[in-house]
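below are the sequence and a predicted model for it; my questions follow.
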Amino acid sequence: MDGGSPRVGDARPVRVIFVGSPGAGKGTQAARLAEFLGVPRISTGDMLREAIARGTPLGKEAEPLMGRGDLVPDDLLIALVRERTAREDCARGFVLDGFPRTVRQAEGLAEMSEGEVSDWTVFSVQVPREELLRRLSGRRWCPRCQATYHVTSDPPKREGICDVDGATLVQREDDREEVVARRLHEYEERTAPLIGYYRELADVVEIDGNRPMEAVFADLKKHVGVAT
Ligand code: AP5
């Protein structure tokens, strides 16, 4: 845990949104920031993968869509996030990772959240396409605890083994080359317009994500009100 005194404890709950391409580092940074702030990280990708692993009705609907790199329907995601953010541990706020992903989802989030969108912290994380492809092709993932690694940028201590629980790491199904192309297309078509949407409502903080993880994280911390 990094030093500094995060903003939790203020009267207003912390709400952080990440908008960025697949592979931009949203999950990596959202996990760090949530720990730093002492609030939950809510990853819709992780929730959907967990639903698939458990074979729930949501998982059965999401699996073929995710396998192709398509988005899961807005109404399902809005209901999922509504239920998750209503839980007690979100009372002081949360860091969203992978939601909202469409303007409809952003509208759903505004409806379910009390308070002003202008108080939220919205990060737009930019990384060039060739670096996104390098990251996604080298990503390894723990199917048991969902920890994420990279074969060269962030390797586990023992090759192919999760540091957290010792499970064998795998490549995510949707990190296959042909699926990645579809995910990047979906991002450009359906998610990137969120940047303009949020610019109308709040300060959107542009983050250069094409830097070492520590440098990106130091930047993020500055913008949630904590000097590093
Ligand atoms: P989701 O799991 O959210 O995937 P994604 O948005 O495509 O994002 P990724 O997890 O691929 O990348 P990331 O930005 O989190 O990068 P990471 O930190 O892992 O969604 C998967 C699918 O679920 C979607 O395609 C869709 O079908 C469905 N879904 C989810 N949410 C939905 C929603 N709201 N609506 C509809 N459908 C939804 O980093 C990537 C790699 O790079 C890692 O190996 C990491 O170690 C490495 N890395 C990270 N930062 C750096 C750095 N600074 N330098 C070098 N390497 C780095």
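Right, received. Where do you want to start?

can you pull out the strands in this structure?
Applying DSSP state E to the chain gives strands spanning 14-20, 41-43, 93-97, 121-126, 139-141, 148-150, 204-208.

pairing partners for the second one, with directions?
This means strand 41-43. Strand partners for strand 41-43, identified by DSSP bridges, are recorded as strand 93-97 (parallel).

what's the answer for the longest one, then?
Each strand that pairs with strand 14-20, with its direction, by DSSP bridges: strand 93-97 (parallel), strand 121-126 (parallel).

which residues sit against that strand?
Residues from elsewhere that reach strand 14-20 (CB atoms under 8 Å, 6 or more residues apart in numbering): 7-8, 24, 26, 29-30, 33, 37, 39, 92-98, 100, 113, 115, 119-127, 191-192, 194-195, 198, 204, 209, 224. For the C-beta atoms, the positions are set from N, CA and C on the backbone; glycine is no exception.

buried subset of the residues you listed?
Buried subset of the contacts of strand 14-20 (neighbour count, 16 or more other CB atoms under 10 Å): 7, 24, 26, 29-30, 33, 37, 39, 92-98, 100, 113, 120-125, 127, 191, 194, 198, 204, 209, 224.

dump the residue contacts of whichever residue of the chain sits closest to the ligand.
Using CB to the nearest ligand atom, the closest approach of the chain to the ligand is made by G45 at 1.9 Å. Applying CB under 8 Å, 6+ apart to G45 gives the contacts G27, D97, G98.

how many residues are close by the closest residue to I52 other than its chain neighbours?
Once flanking residues are discounted, I52 sits nearest to G59: 3.9 Å by CB to CB, 6 or more residues apart in numbering. Using other CB atoms under 10 Å, G59 has 17 neighbouring residues.

now the residue of the chain most remote from its centre, what are its backbone angles?
Going by CA atoms, centre = their mean, the residue of the chain most distant from its centre is R158, 25.7 Å out. Here is the backbone geometry of R158 (degrees, to the nearest 10): phi -110, psi 130.

quick check, pLDDT for G115.
What the model reports for G115 is a pLDDT of 67.

pLDDT score for the residue nearest to the spatial centre of the chain?
By CA atoms, centre = their mean, the chain has its centre lying nearest to D97, at 2.2 Å. The per-residue pLDDT reported for D97 equals 97.

one step back: reformat the strands of the chain as a markdown table; add distance to the ligand.
Listed next are the strands of the chain as a markdown table, based on distance: least, CB to the nearest ligand atom, whole Å:
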| stretch | distance to the ligand |
| --- | --- |
| strand 14-20 | 5 |
| strand 41-43 | 6 |
| strand 93-97 | 6 |
| strand 121-126 | 7 |
| strand 139-141 | 3 |
| strand 148-150 | 3 |
| strand 204-208 | 10 |
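
dump the ones you listed to a markdown table, plus distance to L80.
Supplementary listing: the strands of the chain in a markdown table, determined by distance: least, CB to CB, whole Å:
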| stretch | distance to L80 |
| --- | --- |
| strand 14-20 | 16 |
| strand 41-43 | 9 |
| strand 93-97 | 12 |
| strand 121-126 | 20 |
| strand 139-141 | 20 |
| strand 148-150 | 20 |
| strand 204-208 | 24 |
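
so which bits of stretch 51-68 are buried?
Of the residues in stretch 51-68, A51, I52, L58, G59, E61, A62, E63, M66 count as buried by neighbour count, 16+ other CB under 10 Å.

does R104 touch L76 like I think?
No: the criterion here is CB atoms under 8 Å, and R104 misses it with L76 at 11.7 Å.

what residues do those two have in common as contacts?
Going by CB under 8 Å, 6+ apart, no residue sits against R104 while also sitting against L76.
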